[in-house]
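Q: Can you look at this prediction? I've put the sequence above it.
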Amino acid sequence: MPNNFRPESLMMTHAYRPELSEGAIKPPIFQTSTFVFESAEAGKAYFELAYGLRERGQQEESGLIYSRINNPNLEILEDRLCLWDQAEACAVFESGMSAISTVMLCFLRPGDLLLYSRPTYGGTDHFVNHVLREMDIMAVGFGPEDDAETIEGRILESGRADRLRLVYVETPANPTNSLIDLRMMRGIADRFSRADQRVRLAVDNTYMGPLWCSPLEHGADLVLYSATKYIGGHSDLIAGAVLGDRESLAAVRVLRTFLGNMASPHTCWLLLRSLETLKVRMERQQENARHLADYLTGHPLVERVYYLGHLSASSAEGQLFRRQYSGPGAMISFDIRGGEAEAFRFLNALKLVKLAVSLGSTESLVQHPATMTHVGVCPEERARMGITDKLIRLSVGVEHHEDLRADLEAAFMAVSTDSPVEKRAVLG
């Protein structure tokens with residue numbers, strides 16, 4: 001890391017030279033479609049690198065060509081994001097789904113096998129089970145309850161064990177907060193790798209990153225983010241990011257060039273602004289979540305709370321949490337007593353907490369996964385994964401935790417007043 005400074009100290013200055021922009025202390029928005037070459041020879045060299053026709057020289061810099069390929073705002077942002085995960089390279093996209101789909105399309109071909117964890121984000125689940133399936137890319141799922149032997153057995157039973165190309169893990173899982181052991185998954189990927197074909201491990205770290213977990217340290221080749229969430233953190237942009245080793249990212253970047261799904265200069269500029277407060281925002285959100293999780297755990301209208309900070313230290317999941325994460329994060333899910341009717345009464349009664357999908361923003365957000373983000377997952381699979389009609393997902397923001405608690409309490413009171421069943425639970 002440059003000068004051994006911490007990432008939060010470098011988010012204001014790293015990879016930007018004010019003297020190249022009239023001394024402006026912040027990078028301007030480079031709102032341009034194309035860039036002028038100093039010479040025809042320079043243009044040739046830039047295009048050779050952009051198309052992956054040769055390796056970059058030791059002292060050679062990638063020149064600016066066209067904002068679909070590169071842009072100063074994009075490059076500064078990617079350099080700064082690398083600091084958090086200590087990655088060799090980064091590629092930023094116009095959405096989290098474009099980052100996910102580009103990685104899968106980059107490393108999977110018709111006839112290949114994808115191993116992926118469930119539950120996962122609803123959009124990812126749909127892409128895997130509908131879009132990739134139409135391309136004859138088989139997907140084998142596994143859950144947090146499965147051990148390595150069980151997972152390897154499913155790979156072998158697929159009939160495509162020799163075509164396993166990518167292991168895709170989302171941990172903690174959206175929306176249940178269930179955990180997957182990344183070291184175990186690295187071992188599985190290595191067991192099915194060959195000398196001429198490495199099985200890559202990609203990890204969606206949106207729930208925890210980049211502050212509370214660094215998957216690359218636990219064996220991942222690629223780490224993915226919906227940068228809309230904590231990295232952006234203000235509900236005013238859509239973006240995604242992929243980080244990892246240079247070789248993997250070179251392939252991802254080439255495909256991004258031809259799909260044309262890179263983030264715009266303005267989006268990159270907004271993300272650069274957000275990175276300056278990333279750590280302080282996430283720390284406040286995590287602290288607020290601790291208070292609310294404790295409150296929810298003792299509430300008579302709550303059957304169960306899914307929160308990493310409450311895992312038993314002696315349990316296998318608790319031990320995995322301590323090995324893999326530096327904090328419990330700011331995402332809470334819980335089962336309300338009753339079902340969809342009670343969940344909807346609760347959601348409709350909230351005032352300060354906003355009923356909306358997404359997560360990781362400065363404002364607290366709440367949603368009903370079974371009928372919203374995961375409605376496209378078949379009902380049987382939803383039930384098996386614990387995504388029931390009584391499950392509510394809460395993304396905790398930076399408001400005062402006592403105000404958030406008061407809002408939740410008022411919503412619970414509305415449920416108990418309107419529902420005779422829930423009223424008996426409160427009184428009983």
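A: Sure thing, it's come through.
Q: if you skip the residues just before and after it, what's nearest to residue 345?
A: Counting by Cβ to Cβ, 6 or more residues apart in numbering, residue 345 lies nearest to residue 415, which is 4.7 Å off, once chain neighbours are set aside. (C-beta placed from N, C-alpha, C; glycine too.)
Q: mind checking pLDDT for the one you found?
A: At residue 415, the pLDDT value in this model is 95.
Q: Regarding it, which helix or strand does it belong to?
A: Residue 415 is part of helix 401-418, with elements assigned from DSSP states H and E.
Q: ok now that helix, how far from the chain's centre?
A: 29 Å (Cα atoms, centre = their mean, to the nearest Å).
Q: now swap in stretch 389-403 and tell me
A: Worked out by Cα atoms, centre = their mean, stretch 389-403 lies 19 Å from the chain centre.
Q: Buried ones in that stretch, by neighbour count?
A: Applying a neighbour-count criterion of 16 or more other Cβ atoms under 10 Å, the buried positions in stretch 389-403 are 389, 390, 391, 392, 393, 394, 395, 396, 397, 398, 399, 401.
Q: With distance to residue 377, pLDDT and secondary structure as extra columns, can I get those residues in JSON lines?
A: Output for the buried residues of stretch 389-403, formatted as JSON lines (distance: Cβ to Cβ, whole Å; pLDDT from 0 to 100; DSSP: H, G, I helix; E, B strand; the rest coil):
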{"residue": "389", "distance to residue 377": "13", "pLDDT": "96", "secondary structure": "coil"}
{"residue": "390", "distance to residue 377": "16", "pLDDT": "97", "secondary structure": "coil"}
{"residue": "391", "distance to residue 377": "12", "pLDDT": "97", "secondary structure": "strand"}
{"residue": "392", "distance to residue 377": "17", "pLDDT": "98", "secondary structure": "strand"}
{"residue": "393", "distance to residue 377": "14", "pLDDT": "98", "secondary structure": "strand"}
{"residue": "394", "distance to residue 377": "20", "pLDDT": "98", "secondary structure": "strand"}
{"residue": "395", "distance to residue 377": "20", "pLDDT": "98", "secondary structure": "strand"}
{"residue": "396", "distance to residue 377": "24", "pLDDT": "98", "secondary structure": "coil"}
{"residue": "397", "distance to residue 377": "27", "pLDDT": "98", "secondary structure": "coil"}
{"residue": "398", "distance to residue 377": "31", "pLDDT": "98", "secondary structure": "coil"}
{"residue": "399", "distance to residue 377": "31", "pLDDT": "98", "secondary structure": "coil"}
{"residue": "401", "distance to residue 377": "32", "pLDDT": "98", "secondary structure": "helix"}
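Q: Looking at the residues you listed, point me to the pair that's furthest apart.
A: Greatest spacing in these, by Cβ to Cβ: 389 and 398 (30.0 Å).
Q: residues near residue 344, how many?
A: Neighbour count for residue 344, taken as other Cβ atoms under 10 Å: 18.
Q: where's the closest residue in space to it that isn't next to it in sequence relative to residue 393, distance?
A: With sequence-adjacent residues excluded and distances taken as Cβ to Cβ, 6+ apart, residue 344 is closest to residue 368, at 7.2 Å. Here the criterion is Cβ to Cβ, to the nearest Å. By it, residue 368 lies 8 Å from residue 393.
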